[in-house]
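# Structure for the following, please:
(one chain, ligands or ions: 1)
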Amino acid sequence: MQDYELSVQHVLWRMERLHSKKEVVTKREQGLHRITNGEMVRRVNRLAGALKRLGVKPGDRVATLAWNNYRHLELYYAVPCMGAVLHTLNLRLFPQHLEFIINDAEDKVLFVDQTLVPLLKPLAGKIPSIKTIVLMTDGAPAAADHGLGEMLDYETLLAAESEDYPWPKLSERMAASMCYTSGTTGNPKGVVYSHRSQFIHTMGVLQADNLAITEKDTVLPIVPMFHANSWGLPYACGMAGSKVLFPDRFMGDAKSVVGLAEEEGATILAGVPTIWIGTVAYLKESGKRLPKVHTVICGGSAIPQAVMQAMDSLGLRMLHAWGMTETSPLGSVARPRADTKPEDELAARLTQGIVVPGVEIRICDPATGAELPWDGVAFGEIQVRGPWIARGYYNGYDPGKLTEDGWFRTGDVAKITPEGYIEIVDRTKDVIKSGGEWISSVELENAIMAHPKIMEAAVIGLVHPKWDERPVAFAVPKPEFKGQVTQEEVIDFLRDKVAKWWLPDEVRFIDEVPKTSVGKFDKKVLRAAAAPIKESAAPAVRK
Ligand code: AMP
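Numbering: from 1, shown residues only. The predicted structure is shown next:
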């Protein structure tokens, strides 16, 4: 067989040769921006020429601070295909984290969307590796009070280049892109993807038992392009030839997203549970429906049962997937197996699913490292290995994440059923230890979020003099039930759903669960601000 180098250049070739008429549609302030793949590939050639002219060499890091839009997609191709490394910056990080990441990666050029220039302001004078900043704008240039020096204009740079870039021959083991973890514990850490890993991951994403993206689909990724490669969707759509819809900065606005999906005929949507909570509310209130959508991919956090059922009842079928930045990110997909009884379907879809072909998985006791059985009872840390799983972090941080025998320690705690369904019960750092026994905060949260008056709930363990730790729930009532739901009501609701000793000692009502930069519950913030457990609460509740 030929020793064919696997690279992102192949995706670009397909887009040009086979799918040149397919469109990429981006939401704008006013109306929509449309471009065909054919036009886009020509612009990608120009962009590669511009990068070369700016002095970008193979292996150099090129950063982006951008929303999901067509220019960001052009960078997704031009940067890796000319041999450099695309570094997508998370626009929701604190300035100190952004500064750390840019300096850690030693980015050389930075591309920024006009609306995001204010985020760079606090970094003026603190990111010496950046030699050039390129502004991506549709209208007037950014006000010059940002202190970041001259910014070049994206469109002017492209206009000066040829549509025929001499793409270099790449080795599949070269770095193609990098992405930092969201830094819930300490500084974010860089994960570097190779051309080979991106290529094989793309093939994995497309498989029928995985995300099953085809040429006939119109895909609307609401997961940011700076978060774990937008779950691999940009390259998967390029490879398959699907039409792509980008929400730009209107990602969190259910009305805009539903409007875009409706007008442009989306068939696949993808986003984290928080997005779907907002979508359900908007669809119910507006009476709108999206009959062309056949799949709503949901990952990033466990799907609360209530959300899946609400989406199902609106005709939007959810597909639950698990993964992480370090796994490119696709790790597992929850499609019920052929022998699933109809009454067990929902439960199977709510698990994190079955590990995808190409990745191996095991669960291990976090203390002893011993491998645990797949009996649906024992739970331990998920460890994975495969061609798109990280073996370490950029600059060598946290070397302990790889076991001696070469498996990546995910930090997620799960059980695996004999059929292979993964059920995440917690993160290793969030699991609650009460009286020497483990309590799954995730299971408790899901049980509480099934309460008809509750919108969101996060559970943490707080210090308890007798039991070490006891669970305390932080619940957000649905707007119409604000001030009308009591702790006792929630606890009563849980009584036939979880073991008695799992019942939270307290339910505290809050307006919003704090979220991380990628929309997950930020339990670190909850823990830091939480008042100690009330002595009087425990006996009353645990009776
Ligand atoms: P990130 O690298 O920011 O994408 O975060 C990855 C982490 O998100 C995983 O290690 C899990 O803890 C969590 N996660 C991702 N998908 C799921 C899911 N389907 N269910 C539960 N947790 C998830």
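# distance of residue 362 from the ligand?
16 Å (CB to the nearest ligand atom, to the nearest Å). Just so you know, the C-beta spots here come from the backbone N, C-alpha and C atoms, and that holds for glycine as well.
# That residue pairs with what?
residue 383 (DSSP bridges).
# what's around it, how many residues?
Neighbour count for residue 362, taken as other CB atoms under 10 Å: 17.
# Residue 388 is in contact with residue 359, correct?
Yes: in this structure, residue 359 is within contact of residue 388 by CB atoms under 8 Å, at 7.5 Å.
# neighbour count winner among those two?
Of the pair residue 359 and residue 388, residue 388 is the one with more neighbours under other CB under 10 Å, namely 28 against 21.
# got the contact list for the more buried one?
Residue 388 is in contact with 193, 197-198, 200-201, 204, 327-328, 330, 358-359, counting by CB atoms under 8 Å, 6 or more residues apart in numbering.
# Please name the nearest non-neighbouring residue to residue 168.
Excluding the flanking residues, the one nearest residue 168 by CB to CB, 6 or more residues apart in numbering is residue 83, at 5.4 Å.
# and residue 39, how far is that from residue 16?
Plainly put, residue 39 is 11 Å away from residue 16 if you go by CB to CB, to the nearest Å.
# Where strands are concerned, which of the contacts of residue 388 count?
Counted as lying in strands by DSSP state E, out of these, are 193, 330.
# any chance you could map the helices in the stretch 401-543 of the chain?
Using DSSP state H, counting those that start in this stretch, the helices of the stretch 401-543 of the chain run over 441-449, 487-494, 523-529, 537-542.
# continuing past the longest helix seen in the chain, what's the next helix or strand?
In the chain, assigned by DSSP state H, the helix with the most residues is helix 37-53. As assigned by DSSP states H and E, the chain's next helix or strand after helix 37-53 is strand 61-65.
# Now do that following strand and helix 37-53, the angle between them.
Here strand 61-65 runs at an angle of 130 degrees relative to helix 37-53 (axes from the mean of the first three to the mean of the last three CA atoms, to 10 degrees).
# got the angle for the helix or strand following strand 61-65 vs strand 61-65?
Sequence-wise, the next helix or strand downstream of strand 61-65 (DSSP H and E) is helix 70-81. Taking the same axes, to 10 degrees, one finds helix 70-81 and strand 61-65 inclined to each other by 170 degrees.
# what comes into contact with whatever helix or strand comes next after helix 70-81?
Counting by DSSP H and E, the element after helix 70-81 in chain order, helix or strand, is strand 85-88. Residues outside strand 85-88 that contact it (CB under 8 Å, 6+ apart) are 59-64, 66, 75-76, 79-80, 105, 107, 175-179, 192, 225-226, 229.
# Which among these count as buried?
Buried by 16 or more other CB atoms under 10 Å: 60-64, 66, 75-76, 79-80, 105, 107, 175-179, 192, 225-226, 229, out of the contacts of strand 85-88.
# follow-up on the earlier one: I am assuming the residue nearest to residue 168 contacts residue 58, so please confirm or correct that.
Yes: under the criterion of CB under 8 Å, residue 83 makes contact with residue 58 at 3.5 Å.
# Of these two, which one has the most company?
Counted by other CB under 10 Å, residue 83 and residue 58 do not tie: residue 83 has more neighbours, with 24 against 13.
# confidence score at the more buried one?
pLDDT, residue 83: 98.
# May I have the residues that are in contact with it?
Applying CB under 8 Å, 6+ apart to residue 83 gives the contacts 57-59, 168, 170, 174.
# how about those in JSON lines, adding distance to the ligand and pLDDT?
Output for the contacts of residue 83, formatted as JSON lines (distance: CB to the nearest ligand atom, whole Å; pLDDT from 0 to 100):
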{"residue": "57", "distance to the ligand": "29", "pLDDT": "98"}
{"residue": "58", "distance to the ligand": "27", "pLDDT": "97"}
{"residue": "59", "distance to the ligand": "24", "pLDDT": "98"}
{"residue": "168", "distance to the ligand": "31", "pLDDT": "98"}
{"residue": "170", "distance to the ligand": "26", "pLDDT": "98"}
{"residue": "174", "distance to the ligand": "23", "pLDDT": "98"}
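# got any ranges where this structure has weak pLDDT?
Judged by pLDDT under 70, the chain has its weakly predicted residues at 141-143, 183-186, 535-543.
# The ligand contacts on that one?
For the chain, the residues found near the ligand under the criterion CB under 6 Å from any ligand atom are 181-182, 228, 299-302, 320, 322-325, 329, 352, 410, 412, 424, 427, 518.
# from what I can see residue 75 touches residue 48, true?
No: taking CB under 8 Å as the definition, residue 75 is not a contact partner of residue 48, at 10.2 Å.
# any chance you could map the strands in the stretch 401-543 of the chain?
Shown for the stretch 401-543 of the chain, the strands assigned by DSSP state E, counting those that start in this stretch span residues 408-416, 422-427, 432-434, 437-439, 454-464, 468-477, 506-509.
# what sits in contact with each of residue 359 and residue 388?
In contact with both residue 359 and residue 388: 204, 327, using CB under 8 Å, 6+ apart.
# For residue 233, which three-state class applies?
Assigned by DSSP: H, G, I helix; E, B strand; the rest coil, the conformation of residue 233 is helix.
# Surely residue 534 touches residue 506?
Yes: look at residue 534 against residue 506 with CB under 8 Å: they come within range, at 6.5 Å.
# Which one of the two is surrounded by more residues?
Shown here are residue 534 and residue 506; by other CB under 10 Å, residue 506 has more neighbours (20 against 12).
# Just grab the bridge partners of that one for me.
residue 472.
# Test my guess that it contacts residue 533.
Yes: between residue 506 and residue 533 there is a contact under CB under 8 Å: 6.5 Å.
# Now do the shared contacts for those two.
With CB under 8 Å, 6+ apart, residue 506 and residue 533 have common neighbours residue 472.
# related to what we said a few turns ago, among the contacts of residue 83, which pair sits farthest apart?
Taking CB to CB, the two most distant members of the contacts of residue 83 are 57 and 170; they sit 13.5 Å apart.
# need the contact list for residue 399.
Contacts of residue 399 (CB under 8 Å, 6+ apart): residue 392.
# Kindly provide the distance from it to residue 48.
Using CB to CB, we find residue 399 at a distance of 35 Å from residue 48.
# And the strands in the stretch 201-350 of the chain, which stretches?
Secondary structure of the stretch 201-350 of the chain (DSSP E, counting those that start in this stretch): strands located at 218-221, 243-246, 268-271, 295-298, 318-323, 330-333.
# Could you write out the alpha-carbon coordinates of the fourth one in PDB?
What that stands for is strand 295-298. What follows is strand 295-298, C-alpha atoms only, in PDB (Å, rounded to 0.1, in the frame of the first residue of the first chain):
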ATOM      1  CA  THR A 295     -30.000  15.200  15.000                       C
ATOM      2  CA  VAL A 296     -29.000  17.500  17.800                       C
ATOM      3  CA  ILE A 297     -25.500  16.600  19.000                       C
ATOM      4  CA  CYS A 298     -25.000  17.300  22.700                       C
END
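# and that strand, what does it pack onto?
Here strand 295-298 touches strand 268-271, helix 273-286, strand 318-323, going by 3 or more CB pairs under 8 Å, 6 or more residues apart in numbering; DSSP states H and E.
# circling back to that earlier point, give the residues shared as contacts by residue 83 and residue 58.
With contacts defined as CB under 8 Å, 6+ apart, the residues shared by residue 83 and residue 58 are 168, 174.
# which residues does the closest residue to residue 297 other than its chain neighbours contact?
Nearest in space to residue 297, with sequence neighbours left out and distances taken as CB to CB, 6+ apart, is residue 270 at 3.9 Å. Neighbour list for residue 270: 219-223, 230-231, 233, 296-299 [criterion: CB under 8 Å, 6+ apart].
# hmm, 6 Å instead?
Counting by CB atoms under 6 Å, 6 or more residues apart in numbering, residue 270 touches 221, 223, 297.
# Please apply the same query to residue 163.
Taking CB under 6 Å, 6+ apart, one finds 42, 45 in contact with residue 163.
# Assign a three-state SS to it, would you?
Recorded secondary structure, residue 163: coil (three-state DSSP).
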